[in-house]
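A.B. asks: structure here, sequence nowhere to be found:
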């Protein structure tokens, strides 16, 4: 197809980039349709990942960066928007709570007030204002005026040693867990001990999100090492290919870089998410002026698909 594009005067790489973006947006919008069709039932995060051709973990991260709101909060807002309409139509609170998956009126009341600022029972009266959150529609937007440098790293499986904590399948529930884990590791001497065990690439203190669909989700603070584990937990990072981006600054700046990777680079890169862990490599320990790398697992798309 690239040869055919050249024959008719079109730049094949530009055409492929546009098709990649269109496929990306199509998948995301198909996932939104799935959510809409299951608002009164169970929403399977794994199925959302399959629709978008990635893991449930990566789908949630991608959704948050693209939509500006967590997946669980988006679903809550959509359900409470529809619940308000049902209440305005005279429905009973207990029936509507059950319709949208709440096992108790108390939990439903809490969610409803969190979105609308009023109790469900008040909505049945006239003159009460509620909020409406329509379904998201993803569209291609022009971004990327600032360049992004990256390299591709293909590695055989490697062993890490460190400490871990379990992660919830809803990422929103983990927002406070990982920062607290880093703080504890700094205070109790874990980071210093791990630094002395580091002896194989990637050379740096690692934050590893091991969140495959078929494994218990865990976050590791670790190093790559061939030494005795010293009582620390071991984990084998599988062989994979990563796109590696470098940066420096604070924790906020690394989050901004990760958002740019997902919203600007990935849609038109010719790659899609792979199934290996995400890795943050901290090359120096200063939290206010860190030098770091973000490793995103990738697989190359079929360049001829859809062209």
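C.D. replies: All right, it came through fine. On a predicted model such as this, the values are computed, not experimentally measured, just so you know.

A.B. asks: can we go C-alpha only for contacts and neighbour counts from here?
C.D. replies: Fine.

A.B. asks: for the stretch 51-200 of the chain, what spans make up the strands?
C.D. replies: Counting by DSSP state E, counting those that start in this stretch, the stretch 51-200 of the chain has these strands, from start to end: 150-155, 158-166.

A.B. asks: tell me which of the ones you listed sits most buried.
C.D. replies: The densest packing among the strands of the stretch 51-200 of the chain, expressed as mean neighbour count by mean count of other CA atoms under 10 Å, is seen in strand 158-166 with a mean of 20.

A.B. asks: and it, how far from the chain's centre?
C.D. replies: 20 Å (CA atoms, centre = their mean, to the nearest Å).

A.B. asks: what about it, average pLDDT?
C.D. replies: Per-residue pLDDT values over strand 158-166 give a mean of 97.

A.B. asks: and it, what does it pack against?
C.D. replies: Taking 3 or more CA pairs under 8 Å, 6 or more residues apart in numbering; DSSP states H and E as contact, the helices and strands that strand 158-166 lies on are strand 218-224, strand 233-237.

A.B. asks: could I get the ones you listed as JSON lines with mean pLDDT and mean neighbour count?
C.D. replies: Rendered in JSON lines, the data for those read as follows (pLDDT from 0 to 100; neighbours: other CA atoms under 10 Å):
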{"stretch": "strand 218-224", "mean pLDDT": "97", "mean neighbour count": "24"}
{"stretch": "strand 233-237", "mean pLDDT": "97", "mean neighbour count": "16"}
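
A.B. asks: so which of those strands is nearest residue 21?
C.D. replies: Taking CA to CA as the criterion, strand 233-237 is the member of these that comes nearest to residue 21, at 29.7 Å.

A.B. asks: do you know how far residue 103 is from residue 96?
C.D. replies: Counting by CA to CA, to the nearest Å, the gap from residue 103 to residue 96 is 11 Å.

A.B. asks: now do the same contact list for the closest residue to residue 202 other than its chain neighbours.
C.D. replies: Taking CA to CA, 6 or more residues apart in numbering as the measure, residue 202 lies nearest to residue 224, with 6.5 Å between them; neighbours along the chain are not counted. Under the criterion of CA atoms under 8 Å, 6 or more residues apart in numbering, the contact partners of residue 224 comprise 158, 159, 160, 161, 198, 199, 200, 201, 202, 203, 206.

A.B. asks: kindly state the beta-bridge partners for the fourth one.
C.D. replies: This means residue 161. For residue 161, the beta-bridge partners are residue 223, residue 234 (DSSP bridges).

A.B. asks: surely residue 48 meets residue 34?
C.D. replies: Yes: Residue 48 sits in contact with residue 34 when judged by CA atoms under 8 Å, with a separation of 7.5 Å.
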